[in-house]
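**Student:** Compute the structure for the input listed below.
(chains A and B)
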2 protein chains.
Amino acid sequence: MRNVAFLGAGAIASKVAPMLKQAGFTPYAVGSLSNAKEFASAYGFYKFYTNYEELVKDENIDLVYINTPHSLHYSHIKLCLQNAKNVLCEKSFTLNSKEAKELIELARAKNLLLAEGIWTRYMPYISMVKELIEQGFIGELVSIEANLAYNVKDKYRIQSLELGGGALLDVGVYTLNFALSFIQDEIKNIMATCKKMPSGVDESNGVILEFSKGVFAFLNSSVAMINDRKGTINGAKGYISVDNINNPTLIELYDQNRKCIKSLAVPNQINGFEYEFKACFEVLEQGKIECDAMKHDEILKVMSLMDELRKIMGVKFIGE
Amino acid sequence: MRNVAFLGAGAIASKVAPMLKQAGFTPYAVGSLSNAKEFASAYGFYKFYTNYEELVKDENIDLVYINTPHSLHYSHIKLCLQNAKNVLCEKSFTLNSKEAKELIELARAKNLLLAEGIWTRYMPYISMVKELIEQGFIGELVSIEANLAYNVKDKYRIQSLELGGGALLDVGVYTLNFALSFIQDEIKNIMATCKKMPSGVDESNGVILEFSKGVFAFLNSSVAMINDRKGTINGAKGYISVDNINNPTLIELYDQNRKCIKSLAVPNQINGFEYEFKACFEVLEQGKIECDAMKHDEILKVMSLMDELRKIMGVKFIGE
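**Tutor:** Numbering: from 1, shown residues only, chains lettered A, B, ... in the order given. Take a look at the predicted model:
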């Protein structure tokens, strides 16, 4: 079983698709309301569907990769699960934790794989950083900093309150996942603020998370600027710097004199999306329905945190 | 007039003193309750005093550099001003804005120079960065990030609620000054949190400042860890990275593709402290009583901001 279907054929789909054959998967079918045929032809998919209902009835599909806008994830995941399809859905998983919870329950009831395509969670860099932390080089963990920004505020999807736009769900989600990958602890205090777009979504935001054991995460994201995309993990005796938290390439370890004592390049990758697809198929072969790298509880944790952050920032999507 | 006196002879004094002769100043006298003689001999001061009252009566002193603990700045500045001495006082200027305000009024009444020795404010890097911002390379300013940390929490002075210890006044002051150097705008919203030491001072803190025009400053500091000490100024089209906000050496300009398009080294310096002393003597020669690089209003602004931050964090010094 290696047949992959795409539900959605937008910008992110064009980035993901070129990896499929090279990683040993079959670009089987693509469903898109507008450009299904063109997309299928461009990326070598055998079949195309111009409506999603037909797509999910295709019995040869082993995994559906959903890449529609955030606000449509809920209905599209549901559509897939109800048609007995295993699902890998792009981040952000859903608009909110209520949607996520319902879908996870449905997947469990139907014994189907349900995974979030937050690609960084599946990358080898996570275990590389964890190993450095565990080896004690930086001493006791004190804080994590991460930022991510792109100047994409002119895009309709980003501006739209209806499509679940804004900085938090689109780019901030990476900063949250970065922090939560390395801190397994209760969050005891959340602070957040944002600058809003005229539509009401957040254009730039700042977040401080305080964990029970006293560790802080300082996170910020924006769709209105360019920044260094760095993540740093600061300890009593040194720090770890991760270059580009949205697709890490370089991990550097600094000692107490701020001298770089270790520099690790991540393994060569096709385009980085292969890890999440591989994880899904491995789990399916094991007869399981969630990925170890991003378990259902962790998906819910991130979605609940984003609910809470939006509540503080006063960002409410249409229909919520 | 070039005669410099030190009131205080601790760790920071040992860093500053070696610059004096090389920069054309006279290490005239040092006052210290414990090690005046040793300090004078080690750094070539002509005179030494084992009590401060005697020191400030010496009529040959042109400028007193105060470098005692934060909590003593108020009384030591006052002692100097009352004895007709011009003053350059180490950061943090005082414990709080109330003390700062009273002393500034006294300096004005007596027509004496009163300056804060927050050395970064006097460094050439400030105008280099301002020029890059003004040239429009990074487009509209969106946010400023700065962090600073040292693992010095075992020092008594740092732990002491009585001496004005904690991360904010000792290292956080640099992050605040970094942000305020490049944003001349009203602060409309302040968020802050901290982890405290058993004594009640802040060990690590996180600060978000929101300015009236929508720019954010994300700042954090700690006395319990090591971090990268970076400052970044993020705009719509690129960002400026400043390496080590506590003694900048390298300024890098990145374009919208995050490619470094300009790399500026700051001018060679003796040890960096010469700039604040030069500024003081220039101002004295002009018959003025405040330095352009750090005017009285700006000193008050930083002190008031730190008052506000401590109020939010619940850090109250003894006697306040």
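
**Student:** Show the contacting residues for A:Val171.
**Tutor:** Contact partners of A:Val171, counting by Cβ atoms under 8 Å, 6 or more residues apart in numbering or on different chains, are A:148-150, A:221-223, A:246. (C-beta placed from N, C-alpha, C; glycine too.)

**Student:** Disregarding flanking residues, what is the spatial nearest neighbour of the residue nearest the centre of chain A?
**Tutor:** Residue closest to the average C-alpha location in chain A (Cα atoms, centre = their mean): A:Ile118, at 2.2 Å. With Cβ to Cβ, 6 or more residues apart in numbering or on different chains as the criterion, A:Ile118 has its nearest non-adjacent residue at 4.1 Å, and that residue is A:Lys91.

**Student:** Kindly report the same for A:Lys262.
**Tutor:** Spatial nearest neighbour of A:Lys262, excluding adjacent residues (Cβ to Cβ, 6+ apart): A:Leu253 at 3.9 Å.

**Student:** tell me what the host helix or strand of that neighbour is packed against?
**Tutor:** Per DSSP states H and E, A:Leu253 falls inside strand A:250-254. Packing partners of strand A:250-254 (3 or more Cβ pairs under 8 Å, 6 or more residues apart in numbering or on different chains; DSSP states H and E): helix A:125-134, strand A:239-243, strand A:260-265.

**Student:** Return the distance of that strand from the chain's centre.
**Tutor:** Distance of strand A:250-254 from its chain centroid, counting by Cα atoms, centre = their mean, to the nearest Å, is 23 Å.

**Student:** for A:Leu141, what are its contacts?
**Tutor:** A:133, A:182-183, A:215, A:233-235 are the contacts of A:Leu141 under Cβ under 8 Å, 6+ apart.

**Student:** Oh, that last question was meant for A:Gly231, not what I typed.
**Tutor:** Listed by Cβ under 8 Å, 6+ apart, the contact partners of A:Gly231 are A:144-147, A:175, A:178, A:241-242, A:245, A:248.

**Student:** Report the buried members of those residues.
**Tutor:** For the contacts of A:Gly231, a burial check counting by 16 or more other Cβ atoms under 10 Å in any protein chain shown picks out A:144-147, A:175, A:178, A:241-242, A:245, A:248.

**Student:** Out of the residues you listed, list just those in helices.
**Tutor:** Among the buried ones among the contacts of A:Gly231, the members found in helices (DSSP state H) are A:175, A:178.

**Student:** State the distance from the residue nearest to A:His76 when sequence neighbours are not counted to chain B.
**Tutor:** Leaving aside its chain neighbours, A:His76 sits nearest to A:Ile66 (4.9 Å; criterion: Cβ to Cβ, 6+ apart). Going from A:Ile66 to chain B by Cβ to the nearest Cβ, to the nearest Å gives 29 Å.

**Student:** So which of the helices and strands packed on strand A:250-254 is the most surrounded?
**Tutor:** Mean neighbour count (mean count of other Cβ atoms under 10 Å in any protein chain shown) peaks for strand A:239-243 among the helices and strands packed on strand A:250-254, with a mean of 23.

**Student:** With adjacent residues omitted, what lies nearest to the residue of the stretch 1-150 of chain A at minimum distance from chain B?
**Tutor:** At 3.8 Å from chain B, A:Val142 is the closest residue in the stretch 1-150 of chain A, using Cβ to the nearest Cβ. By the measure of Cβ to Cβ, 6+ apart, the closest residue to A:Val142 outside its immediate chain neighbours is B:Met225, 3.8 Å from it.

**Student:** you'd agree that neighbour is up against A:Tyr239?
**Tutor:** Yes. Judged on Cβ atoms under 8 Å, B:Met225 makes contact with A:Tyr239 at a distance of 7.4 Å.

**Student:** For the residue nearest to A:Lys262, give me its contacts.
**Tutor:** Counting by Cβ under 8 Å, 6+ apart, A:Leu253 touches A:132, A:137-138, A:238-241, A:260-264.

**Student:** same check, this time on A:Gly319
**Tutor:** Residues near A:Gly319 by Cβ under 8 Å, 6+ apart: A:71, A:162.

**Student:** Can you verify it is assigned to a helix?
**Tutor:** No. Counting by DSSP: H, G, I helix; E, B strand; the rest coil, A:Gly319 is not part of a helix but coil.

**Student:** From A:Glu282, how far out is it?
**Tutor:** 36 Å (Cβ to Cβ, to the nearest Å).

**Student:** now A:Pro198
**Tutor:** When distance is defined by Cβ to Cβ, A:Pro198 is 45 Å away from A:Glu282.

**Student:** Between these two, which has more neighbouring residues?
**Tutor:** Comparing A:Pro198 with A:Glu282 by other Cβ atoms under 10 Å in any protein chain shown, the one with more neighbours is A:Glu282, at 12 against 7.

**Student:** What's the per-residue pLDDT of A:Thr249 here?
**Tutor:** pLDDT for A:Thr249: 95.

**Student:** Need the single longest helix in chain A, by residues.
**Tutor:** Longest helix in chain A, counting by DSSP H: helix A:296-313.

**Student:** Make JSON lines from the helices and strands packed on strand A:250-254 and add mean pLDDT to it.
**Tutor:** Converted to JSON lines, those look like this (pLDDT from 0 to 100):
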{"stretch": "helix A:125-134", "mean pLDDT": "98"}
{"stretch": "strand A:239-243", "mean pLDDT": "98"}
{"stretch": "strand A:260-265", "mean pLDDT": "98"}
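
**Student:** pretty sure the residue of the stretch 1-150 of chain A closest to chain B is in a strand, no?
**Tutor:** Yes. Counting by three-state DSSP, A:Val142 is located in a strand.

**Student:** Please parse chain A into its domains.
**Tutor:** By the record's domain assignment, chain A is partitioned as A:3-118, A:124-268 (the TED database).

**Student:** Run the chain-centre distance for the last one.
**Tutor:** This points to domain A:124-268. That offset, for domain A:124-268, works out to 13 Å (Cα atoms, centre = their mean).

**Student:** Just the terminal-to-terminal distance for that domain.
**Tutor:** Using Cα to Cα, to the nearest Å, the end-to-end distance of domain A:124-268 comes to 10 Å.
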